[in-house]
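**Q** Predicted model and sequence follow; I will ask about them next.
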Amino acid sequence: MSATFSCLVDRLNKLIRARLCRQITAHLVANRQPVTASDLSAALGVPLHAVRRALRGMVRSGHIAVEHGQTPEARAYRPVEIGLCEWCGLLDHHLVAGECPACAATVPDAARPAHARSVC
Ligand SMILES: [Zn+2]
């Protein structure tokens with residue numbers, strides 16, 4: 001394989017991965033509930049291994065947050081957003097389900113405002 005062809009393949013892979021990350025983010029933002037990798041795979045029509053690889057990168061870069069389940073398959077994902085915290089009202093760049101990290105740590109067992117909003 002020539003170096004030019006290899007560079008083109010790498011560039012194409014990066015474009016496909018970036019597109020998949022945008023699709024995953026859009027799906028997570030549209031669904032207020034946490035979504036598993038297999039649900040994302042089915043919803044986007046993308047192979048599960050590609051979704052899992054993209055999710056790992058997005059978690060590492062801080063674009064999405066993980067909710068750990070009983071099993072690895074139950075692991076679910078939420079977008080990390082910018083906005084006003086639904087508990088304290090402060091602007092934060094790391095909101096998960098409408099909660100800033102400080103409030104999420106202090107109210108672990110309280111009824112979540114984002115959950116209430118999704119029911120309404
Ligand atoms: Zn807060």
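**A** Structure's in. What do you need?

**Q** for stretch 88-99, the distance to its chain's centre please.
**A** Offset of stretch 88-99 from its chain centre (C-alpha atoms, centre = their mean, to the nearest Å): 15 Å.

**Q** Just the buried positions in the longest strand anywhere in the chain, please.
**A** For the chain, the strand with the greatest residue count under DSSP state E is strand 76-84. Under the neighbour-count criterion of 16 or more other C-beta atoms under 10 Å, strand 76-84 has 76-81 buried. Any C-beta I mention is one placed from the backbone N, CA and C, and that applies to glycine too.

**Q** And for stretch 94-108?
**A** Buried, per 16+ other C-beta under 10 Å, within stretch 94-108: 95-100, 103-104.

**Q** do that stretch and the ion meet?
**A** Yes. Applying C-beta under 5 Å from the ion, one finds stretch 94-108 touching the ion at 100, 103.

**Q** Now that stretch: average pLDDT?
**A** Average pLDDT, stretch 94-108: 85.

**Q** about what we covered before: and the buried residues of stretch 94-108, which of them are in helices?
**A** Per DSSP state H, helices hold the following members of these: 103-104.

**Q** Quickly check: the longest strand of the chain near the ion or not.
**A** No. Strand 76-84 lies out of reach of the ion by C-beta under 5 Å from the ion, never closer than 8.6 Å.

**Q** Tell me which residues are up against stretch 69-82.
**A** Applying C-beta atoms under 8 Å, 6 or more residues apart in numbering, the contact partners of stretch 69-82 are 24-25, 28-29, 34-38, 40, 55, 58-59, 62-68, 91-97.

**Q** roughly how far apart are the residue nearest in space to the middle of the chain and the ion?
**A** Nearest to the mean C-alpha position of the chain, counting by C-alpha atoms, centre = their mean, stands Ile64 at 3.4 Å. Ile64 is 19 Å from the ion, where distance means C-beta to the ion, to the nearest Å.

**Q** List the beta-bridge partners for Ala65.
**A** Arg78 (DSSP bridges).

**Q** Closest one of the buried residues of strand 76-84 to Ala18?
**A** Pro79 (16.2 Å; C-beta to C-beta).

**Q** Count residues in the vicinity of Val35, would you?
**A** By other C-beta atoms under 10 Å, the residues close to Val35 number 21.
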